[in-house]
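S.K.: Sequence plus predicted model, see below.
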Amino acid sequence: MHAIEKIMARAAGVPRVGAGEIVTVKVDFAEVNDLYLQTIYSFREMGGTSVWDPEKICFVFDHYAPAPTIRSAQIHKEMRGFVKEQGLTHHFDINTGVCHQVMPEAGIVRPGMILVATDSHTTTHGAFGAFGTGVGATDMATILISGEMWMRVPEVMKIEINGTLPQGTLAKDVILHVMGQLGASAAVYKAIEFCGTYVEGLGVSDRMVLCNMAVEMGAKTAFMVPNEAVLSYVNQRYGTDFEVPVTDDDFEYPLSHVFDVSDLPPQVAVPHRVDHVMPIDQVEEVPVHQAFIGSCTGGRLEDIAVAADLLRGKQIHPDCRLVLIPASSEVFLEANQKGYIEDLMKAGATISTPGCGPCLGAHEGVIAEGEVCISATNRNFPGRMGSTGGAIYLGSPAVAAVSALTGKLTDPRKYWGGESV
Ligand SMILES: CC(C)[C@H](C(=O)O)[C@@H](O)C(=O)O
Ligand code: SF4
């Protein structure tokens, strides 16, 4: 069996499972975000009175945090009421951050667990060797009642990535390149395992970038074998009471792809598809009106550090805005302690409180008709970040930062190391 199948077999209480089988699994943890008040209504409609385990559920206010409308304030109010009524152990209110950042930070995520959330980017947690997948409001309501859900065991697609990146190319460029090569429907209902010499050496943040965007290829979940960086992060935050699932040596992958990223230049996904990907030099000179660095894809300390290093002592272009939103309060505090926030504010950045912000077009920097945004996030369909007449390019935080500097899509290698060439 594959490690993912072993996770599901354990959770289903059976000795083995195989791709295509329908199994009922016990969920190890469930998250509901502030777009899913409907979950509570469905919970009650189904006759739910108390949740299956108040220690294994959290509500996270991140998509509309702090509440930008009366409606979202009302939603937060009702959800806070449910948290109190049910005595949930974990609640992440408007002062914490994006669910996929705050849950690992809080020591909720560990290898071998089944984590479900009302968010498609729950695939992010494959970075920790967990089975993370998104569910809808109704499924989540049944899970809150029973602690269980049915799943079809996904086929596992191996994506082997080898090589060492050239300077100026980051993990986001790698996943964009993979998506550009394989396409947005390459992995529908499959599990993606990322492996290879490039992946083995990755730190936690870069692992999260790759797994986060697995769902942009349709994946049900993502997986990486935990390395030392992941294990020490989890030991620090969660503890050691977990078992790392190991794929059998004789497991045969039904699907596999191999990439070498040794000569990969920075990439961008051009409007309006995540898999319309090309090297940055094919779209340089496109004027940009806004750059956004943030979200569960590109709002971590490493992303902010790259931007600060590129923009320290400089001024962004007068015709371009740079919106920067740390993925969590912990990230914000650390970036502040390291001076990155000051560097970026002095360079002209607009800093907002941790959360999703404009990533899904909610608030804190949506774009107007005819505007172009270079974004370190994960989706660029029309209307994603504001007006449907806007255009979104997806890139690394480095591409976003230097494009804000020049006011047009720019190759960050020209500014790497602080000197513009
Ligand atoms: C929560 C939900 C509305 C959505 C998702 O499931 O991904 C959002 O987070 C997004 O990124 O579009
Ligand atoms: S940051 Fe963006 S992609 Fe991540 S959960 Fe929020 S809206 Fe979705």
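M.R.: Structure's in. What do you need? Ligands and ions are numbered 1, 2, ... in the order given.

S.K.: Please report phi then psi for Gln74.
M.R.: phi -70, psi -40 (degrees, to the nearest 10).

S.K.: Up against ligand 1, what does this protein have?
M.R.: Contact residues (C-beta under 6 Å from any ligand atom) of the chain with ligand 1: Asn33, Leu35, His63, Asp119, Ser120, His121, Gly134, Leu360. From N, CA and C alone the C-beta is placed, and that goes for glycine too.

S.K.: what sits against the fifth one?
M.R.: It refers to Ser120. Gly134, Val215 (C-beta atoms under 8 Å, 6 or more residues apart in numbering).

S.K.: related to what we said a few turns ago, sitting in strands, which of the residues of the chain next to ligand 1 do you find?
M.R.: Those of the residues of the chain next to ligand 1 mapping onto strands are Asn33, Gly134, per DSSP state E.

S.K.: Going through the residues of the chain next to ligand 1, which ones are buried?
M.R.: Among the residues of the chain next to ligand 1, those buried by neighbour count (16 or more other C-beta atoms under 10 Å) are Asn33, Leu35, His63, Asp119, Ser120, His121, Gly134, Leu360.

S.K.: Surely the last one and His63 touch.
M.R.: In this case it means Leu360. Yes - using C-beta atoms under 8 Å, Leu360 is in contact with His63, at 6.6 Å.

S.K.: so which helix or strand takes in Gly18?
M.R.: Following DSSP states H and E, one finds Gly18 outside all helices and strands.

S.K.: Use 27 as the first number from now on
M.R.: Taking 27 as the first residue, the last one we looked at is Gly44.

S.K.: Can stretch 155-164 be said to contact ligand 2?
M.R.: No - shown here: stretch 155-164 not in contact with ligand 2 (C-beta under 6 Å from any ligand atom), separated by at least 9.6 Å.

S.K.: to the chain's geometric centre, what's the distance from that stretch?
M.R.: 13 Å (C-alpha atoms, centre = their mean, to the nearest Å).

S.K.: for that stretch, how far is the first residue from the last?
M.R.: 26 Å (C-alpha to C-alpha, to the nearest Å).

S.K.: what residues does the stretch 277-426 of the chain put near ligand 2?
M.R.: Ser321, Cys322, Cys382, Cys385, Leu386, Thr403, Asn404.

S.K.: How about the second one: what's its closest non-neighbour residue?
M.R.: Spelled out, that is Cys322. Computed as C-beta to C-beta, 6 or more residues apart in numbering, the closest residue to Cys322 that is not its neighbour in sequence is His126, at 4.0 Å.

S.K.: Distance check, that neighbour against ligand 2.
M.R.: Per C-beta to the nearest ligand atom, to the nearest Å, His126 is found 6 Å from ligand 2.

S.K.: returning to what we had before: give me the subset of the residues of the stretch 277-426 of the chain next to ligand 2 that lies in strands.
M.R.: Per DSSP E, these never map to strands.

S.K.: Name all residues that make contact with whichever residue of the stretch 277-426 of the chain sits closest to ligand 1.
M.R.: Nearest to ligand 1, among the residues of the stretch 277-426 of the chain, is Leu386, at 4.5 Å (C-beta to the nearest ligand atom). When contacts are counted by C-beta under 8 Å, 6+ apart, Leu386 touches His89, Arg405, Arg410, Met411.

S.K.: neighbour-wise, which of those leads?
M.R.: The residue in the contacts of Leu386 with the most neighbours, by other C-beta atoms under 10 Å, is Met411 (27 neighbours).

S.K.: ok, back up a step: show me which of the residues of the chain next to ligand 1 is closest to ligand 2.
M.R.: Leu386 (3.9 Å).

S.K.: State the distance from that closest one to Gly415.
M.R.: Leu386 is 17 Å from Gly415, where distance means C-beta to C-beta, to the nearest Å.

S.K.: And the helices in this structure?
M.R.: Residue ranges of the helices in the chain, as given by DSSP state H, are 29-38, 64-71, 96-112, 125-131, 163-172, 197-208, 223-226, 230-238, 254-263, 321-324, 327-337, 355-363, 366-372, 423-432.

S.K.: between those, which gets nearest to Asp289?
M.R.: helix 197-208 (11.0 Å; C-beta to C-beta).

S.K.: now for that closest one, which elements pack on it?
M.R.: Under the contact criterion of 3 or more C-beta pairs under 8 Å, 6 or more residues apart in numbering; DSSP states H and E, helix 197-208 touches strand 182-188, helix 230-238, strand 281-286, strand 293-295, strand 303-305.

S.K.: where does Tyr443 land on pLDDT?
M.R.: If you look again at residue 443, you'll see it is Gly, not Tyr. Looking at Gly443, its pLDDT is 79.

S.K.: burial of it, as a residue count?
M.R.: 11.

S.K.: on that earlier part again, could the helices and strands packed on helix 197-208 be laid out in TSV, adding mean neighbour count?
M.R.: Converted to TSV, the helices and strands packed on helix 197-208 look like this (neighbours: other C-beta atoms under 10 Å):
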stretch	mean neighbour count
strand 182-188	21
helix 230-238	26
strand 281-286	14
strand 293-295	28
strand 303-305	18
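
S.K.: how about a markdown table for those, with distance to Glu311 and mean pLDDT added?
M.R.: Listed next are the helices and strands packed on helix 197-208 as a markdown table, based on distance: least, C-beta to C-beta, whole Å; pLDDT from 0 to 100:
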| stretch | distance to Glu311 | mean pLDDT |
| --- | --- | --- |
| strand 182-188 | 30 | 98 |
| helix 230-238 | 27 | 98 |
| strand 281-286 | 28 | 98 |
| strand 293-295 | 13 | 98 |
| strand 303-305 | 14 | 98 |
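
S.K.: out of those, nearest to Thr432?
M.R.: strand 293-295 (14.4 Å).

S.K.: Smallest gap between the stretch 227-376 of the chain and ligand 1, at which residue?
M.R.: Taking C-beta to the nearest ligand atom, ligand 1 has its nearest neighbour within the stretch 227-376 of the chain at Val241, 7.4 Å off.

S.K.: Residue of the chain closest to ligand 1, please.
M.R.: Ser146 (3.6 Å).

S.K.: any idea how far that residue lies from Ala245?
M.R.: Taken as C-beta to C-beta, the span from Ser146 to Ala245 is 10 Å.

S.K.: Please apply the same query to Ser321.
M.R.: Using C-beta to C-beta, Ser321 is found at 18 Å from Ala245.

S.K.: The two: who's more crowded?
M.R.: Using other C-beta under 10 Å as the criterion, Ser321 and Ala245 rank with Ser321 on top: 28 against 25.
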